[in-house]
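Q: quick one: sequence plus predicted model below, questions after.
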Amino acid sequence: MDKEQLLAELHFKAVRSSGPGGQHANKTATKVELSFEVDASEGLSEEEKARIHKRLSNRITKEGMLKMQCEESRSQHTNRELVTESFLKEIQDALKKKKVRKKTKPTKASKIIRLKQKKQKSEIKANRKNPLK
């Protein structure tokens, strides 16, 4: 993954933010929408693109565009920085390889302890029974 190449391929669009804010919010475009074309990216290898498609399939459109948005701040510049940070974090998380689980066997001591506890439990239950029947 080439971080600088990815940042160069990002497209930003400023839109009017929703919610309260009065006059300022009604006339300024502070919400920032980020779009990134995964398939056309030169900063990712084919394997990385496939992994991103698999992990972020719910965020990628039919055209292969990854879209994100931010309207936390009243500043367009701050929102642009925030959405860029979250984009890079999402991509890095999607590219992480999951740790392979190695099967382990229970130790001999743990088997003995388990069987002892099982025996004790069955004796307790056996003692609850009515001895006359």
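A: Arrived safely, thanks for sending. Small disclaimer: the values here were computed from a predicted structure and weren't measured.
Q: packing partners for whichever strand or helix holds Gln92?
A: Applying DSSP states H and E as the criterion places Gln92 in helix 76-95. Helices and strands touching helix 76-95, by 3 or more C-beta pairs under 8 Å, 6 or more residues apart in numbering; DSSP states H and E, are helix 3-8, strand 11-15, strand 31-37, helix 46-55, strand 65-70. All C-beta atoms are positioned from the backbone trio N, CA, C, and that covers glycine.
Q: any idea which of the ones you listed is most buried?
A: strand 31-37 (a mean of 19; mean count of other C-beta atoms under 10 Å).
Q: looking at the protein, which helix or strand does the model trust least?
A: Ranked by mean pLDDT, DSSP states H and E, the helix or strand of the chain with the weakest confidence is helix 22-27, at a mean of 70.
Q: got a list of what Glu90 touches?
A: Leu56, Arg59, Met68 (C-beta atoms under 8 Å, 6 or more residues apart in numbering).
Q: any chance of TSV for the residues you listed, columns pLDDT and distance to Gln117?
A: Shown next, in TSV, are those (pLDDT from 0 to 100; distance: C-beta to C-beta, whole Å):
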residue	pLDDT	distance to Gln117
Leu56	87	46
Arg59	87	48
Met68	91	52
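Q: out of those, flag the one nearest to Ala29.
A: Met68 (16.5 Å; C-beta to C-beta).
Q: list the contacts for the closest residue to that closest one other than its chain neighbours?
A: Spatially, and ignoring its direct neighbours in sequence, Met68 is nearest to Leu34 (4.7 Å; C-beta to C-beta, 6 or more residues apart in numbering). By C-beta under 8 Å, 6+ apart, the residues touching Leu34 are Leu10, His11, Phe12, Lys67, Met68, Gln69, Cys70, Val83, Thr84, Phe87.
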